[in-house]
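Colleague: sequence first, then the predicted structure, then my questions.
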Amino acid sequence: MTQAPFIHRFEPGQGASLLLLHGTGGDEHDLIPLARQLAPQAALLSPRGRVLENGAPRFFRRLAPGVFDEADLRQQAADLAQFVRAARQRYGLEGLPLYALGYSNGANMASALLLLQPALLDGAVLFRPMLPLEVHPLPNLSGRAVLVAAGRFDPWSPPGRVEALLDCLRRAGAEVEAGWWPAGHGLLPEELMAARAWLARRIP
């Protein structure tokens, strides 16, 4: 069955663009204010996840907390990549750097895009991610820059699953910077400042 296209919001900018991927229960508006804070000049492409979990939008199905439907994840990642490529053409973003900015479920989707669609993104800022799936063989992520912001007390993104993601990305050749923050699943002002500085070094 063909799914509906991605409802999305686009805001023009200059230079690089950010692909905004919200958490469970969010929508295409959720991360716009944060993105404007972190990268004021960037163009913003913000799709809404098409999977509903008790009415809450997500980017892919899960079978239980922390247990993902891998077949759906792979299909949703392929569909999202196709949408992003078409949107870049539509909005005149082709040839410009593209970074994902994801939170929670959105960060897991961004991780999946890096692993399954390695040519799509130049890098990513991942707030509260974990390894979403195993990929063999690993893609070549040389030249890709990834910032991971993890919470030491996060019950939804266990440290072991975060470390597995870091190891996977590094073995794939990505330039990975990780911050472990004294927080749960919520974000701290200090890590937002660190993310802004990280993006400023990469987005003109």
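Modeller: Great, that's in hand.
Colleague: run a quick neighbour tally on P204.
Modeller: 10 (other Cβ atoms under 10 Å). Every residue, glycine included, has its C-beta placed from N, CA and C.
Colleague: apart from its chain neighbours, what residue comes closest to it?
Modeller: Leaving aside its sequence neighbours, P204 sits nearest to G15 (Cβ to Cβ, 6 or more residues apart in numbering; 4.4 Å).
Colleague: and for P97?
Modeller: Leaving out its chain neighbours, the residue that sits closest to P97 by Cβ to Cβ, 6+ apart is A16, at 4.0 Å.
Colleague: that neighbour touches A42, doesn't it?
Modeller: Yes. Between A16 and A42 a contact is recorded at 5.4 Å, counting by Cβ atoms under 8 Å.
Colleague: shared neighbours, these two?
Modeller: I203 (Cβ atoms under 8 Å, 6 or more residues apart in numbering).
Colleague: what count of nearby residues applies to the residue nearest to P97?
Modeller: Neighbour count of A16, defined by other Cβ under 10 Å: 20.
Colleague: again, but for P155
Modeller: So P155, with other Cβ under 10 Å, has 10 neighbours.
Colleague: per-residue pLDDT of it, please?
Modeller: Predicted confidence (pLDDT) at P155: the value is 94.
Colleague: do the same with G66
Modeller: For G66, pLDDT reads 87.
Colleague: what residues are up against it?
Modeller: Contacts of G66 by Cβ under 8 Å, 6+ apart are M130, W156, P158, R161.
Colleague: what sits against the third one?
Modeller: For P158, the contact set (Cβ under 8 Å, 6+ apart) comprises G66, M130.
Colleague: gap between it and L166?
Modeller: Per Cβ to Cβ, to the nearest Å, P158 is found 13 Å from L166.
Colleague: can you give me the helices for the protein?
Modeller: For the chain, applying DSSP state H gives helices covering 32-38, 70-90, 105-116, 159-171, 189-200.
Colleague: flag every buried residue along the first one.
Modeller: In terms of neighbour count (16 or more other Cβ atoms under 10 Å), helix 32-38 has its buried residues at I32, L34, A35, L38.
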